[in-house]
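> Build me a structure from this.
(one chain, ligands or ions: 1)
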Amino acid sequence: MSIKPEIRIAGDGQAWAHEAATFLRSICDHAIRARGRMLIALSGGSTPRTLYRTLAQPEWKRRCEWPRLHFLFGDERCVPPDHPESNFGMADRELFQPIGIPPAQISRMKGELPEPMEAAWQYEDTLRSLTDCRPPDMPEIDLILLGLGEDGHTASLFPGTEALNDRSHLVTVGRAPAGIALRLTLTLGVINRASVVLFLVTGSGKASMVRRVVEPQSEADRALPAARVSPASGRLIWMLDQSAAAQLRTA
Ligand SMILES: O=C(O)[C@H](O)[C@@H](O)[C@H](O)[C@H](O)COP(=O)(O)O
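Alright, predicted model coming up:
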């Protein structure tokens, strides 16, 4: 049973980035008040980069309790951290360095390891250690940021791949049809255990896929990776700009 998503629509461009940053801070403040600290898994891609740049601006830097946050990643390309395609590398340039987040507050996926499954196992250990969670229980991440690909992928869970149906790992190796093929990714089990999942999607190019995922009309729609994100006891929120929301019927 899929939970009902919360749809938030902001103006295009900087208006969306400001609304997304304001909403993200409210989620962080709530989690920090409840638990004293917050585990947040970052997404890669160009959409979140706009948000990270906004959060790194002076008027935002002082508005978040950064020392209370511990940064994880939803996925990572199998490349070194200084590679231009590295999700950690992008977050480090756009968010961690400008704000001064210390390495002790960051747990990155080691995309540089020669054996990707070894990197996946190491990250599983990191997740379990940070959440003090033993098998068979599923670690609970406070907030997972996700993007949406035009093919309906999210994190590095691509349509028709084994990673999408991996139920025996917390972290697995995904295969992308283009670009860097091998990628480390959280599995749906971990994503759907999160307290809050926040999709960040902008641009008219995503509008038809947003409608298919948010308002599925067929089994094919419901089988899309992003459509299978449905936190069992958490919140599912879509932070859209007007262009990406243009084909939604119910918003
Ligand atoms: O590593 C990545 O790139 C992300 O995990 C990926 O799932 C991304 O969110 C989508 O491909 C959307 O990317 P854009 O935000 O660049 O459109």
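> Near the ligand, which residues of the protein are found?
By CB under 6 Å from any ligand atom, the part of the chain that sits against the ligand consists of 43-47, 75, 87, 147-149, 153-156. Where C-beta positions appear, they are placed from N, C-alpha and C, glycine not excepted.
> try 8 Å
Residues of the chain lying close to the ligand (CB under 8 Å from any ligand atom) are 43-49, 74-77, 87, 146-150, 153-156, 183, 185, 200-203, 206.
> Closest approach to the ligand from the stretch 101-250 of the chain, which residue is it?
Gly147 (2.1 Å; CB to the nearest ligand atom).
> Give the closest residue to that residue in space, chain neighbours not counted.
If you skip the residues right next to it in sequence, Gly147 has Gly45 as its closest partner in space, 4.4 Å away by CB to CB, 6 or more residues apart in numbering.
> wait, isn't the one you found in contact with Leu148?
No - under the criterion of CB atoms under 8 Å, Gly45 lies out of contact with Leu148, with a separation of 9.1 Å.
> For those two, indicate the residue with more neighbours.
Using other CB atoms under 10 Å, the more surrounded residue of Gly45 and Leu148 is Leu148, with 27 against 17.
> Wait, the more buried one touches Thr154, no?
Yes - counting by CB under 8 Å, a contact exists between Leu148 and Thr154, whose distance comes to 5.8 Å.
> Now do the shared contacts for those two.
With contacts taken as CB atoms under 8 Å, 6 or more residues apart in numbering, the residues that reach both Leu148 and Thr154 are Phe199, Ala226.
> Make sure Ile40 is indeed in a strand.
Yes - Ile40 sits within a strand when classified using DSSP: H, G, I helix; E, B strand; the rest coil.
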